[in-house]
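Peer 1: when you get a sec, could you give me coordinates for this:
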Amino acid sequence: MRTPTRVLGIDPGSRVTGYGVIESDGVHSRHLHSGCIRTAAGDFPQRLGEIYSGICAVLDAWRPAEVAIEQVFVARNAASALKLGHARGAAISAIVMHELPVFEYTPAAIKQGLVGNGRAEKEQVQHMVRVILGLQGTLTLDQSDAIAVALCHAHSEATRRQIGASQ
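Peer 2: You can find the predicted model right below:
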């Protein structure tokens, strides 16, 4: 059995950035902490600074070995996608400044990995996060999405290691 790795998952947003910290060996996972960075109303550059500082605080407090972040999903609104990209950039800058590896996953890959359906609804992802980790109590959708990113990464990395070891 492999030693558990501490993983931080991030669901970036310009208003609310969810994060979740787990420990996982790729088969068994344990929830350590999750929350949201809620930016204050104000100038957009100021909000990006809050995301950067908030992620730095989470990194300092929980000391993950790896960080996984959701990739930008471009839908109909280009302005929203651009703001989301900036929020991701602020989070990734904090991770890189802490000299940690960054792994990126598409929303469809995360949903496929957890629910078995790349087009699953947020509530389905939230339900599977609760089931996989045996969580009780309230989780926001932003928190459960961030934990889902961390779980997706932990399971993907375990599979990659198994494939590499068998070759």
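Peer 1: all strands of the chain, in order?
Peer 2: In the chain, the segments counted as strands under DSSP state E are 5-11, 16-24, 29-38, 66-70, 102-105.
Peer 1: turn the ones you listed into TSV, columns for distance to residue 124 and mean pLDDT.
Peer 2: Any C-beta I mention is one placed from the backbone N, CA and C, and that applies to glycine too. Rendered in TSV, the data for the strands of the chain read as follows (distance: least, CB to CB, whole Å; pLDDT from 0 to 100):
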stretch	distance to residue 124	mean pLDDT
strand 5-11	15	98
strand 16-24	16	98
strand 29-38	18	98
strand 66-70	16	97
strand 102-105	17	97
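Peer 1: can you say which of the ones you listed is nearest to residue 57?
Peer 2: Shortest separation from residue 57 across these is recorded for strand 29-38, at 8.6 Å, computed as CB to CB.
Peer 1: coming back round to it: CSV for the strands of the chain, including mean neighbour count and distance to residue 125?
Peer 2: Written out in CSV, the entries for the strands of the chain read as follows (neighbours: other CB atoms under 10 Å; distance: least, CB to CB, whole Å):
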stretch, mean neighbour count, distance to residue 125
strand 5-11, 25, 10
strand 16-24, 25, 12
strand 29-38, 18, 13
strand 66-70, 25, 11
strand 102-105, 16, 12
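Peer 1: kindly reformat those as CSV containing distance to residue 85.
Peer 2: Putting the strands of the chain into CSV (distance: least, CB to CB, whole Å) gives the following:
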stretch, distance to residue 85
strand 5-11, 14
strand 16-24, 13
strand 29-38, 17
strand 66-70, 12
strand 102-105, 12
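Peer 1: quick one: which of the ones you listed is nearest residue 91?
Peer 2: Ranked by CB to CB, the member of the strands of the chain that lies closest to residue 91 is strand 5-11, at 5.4 Å.
Peer 1: sheet partners, orientation included, of the closest one?
Peer 2: Strand partners for strand 5-11, identified by DSSP bridges, are recorded as strand 16-24 (antiparallel), strand 66-70 (parallel).
Peer 1: tabulate these (JSON lines), appending distance to residue 149.
Peer 2: Supplementary listing: these in JSON lines, determined by distance: least, CB to CB, whole Å:
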{"stretch": "strand 16-24", "distance to residue 149": "7"}
{"stretch": "strand 66-70", "distance to residue 149": "5"}
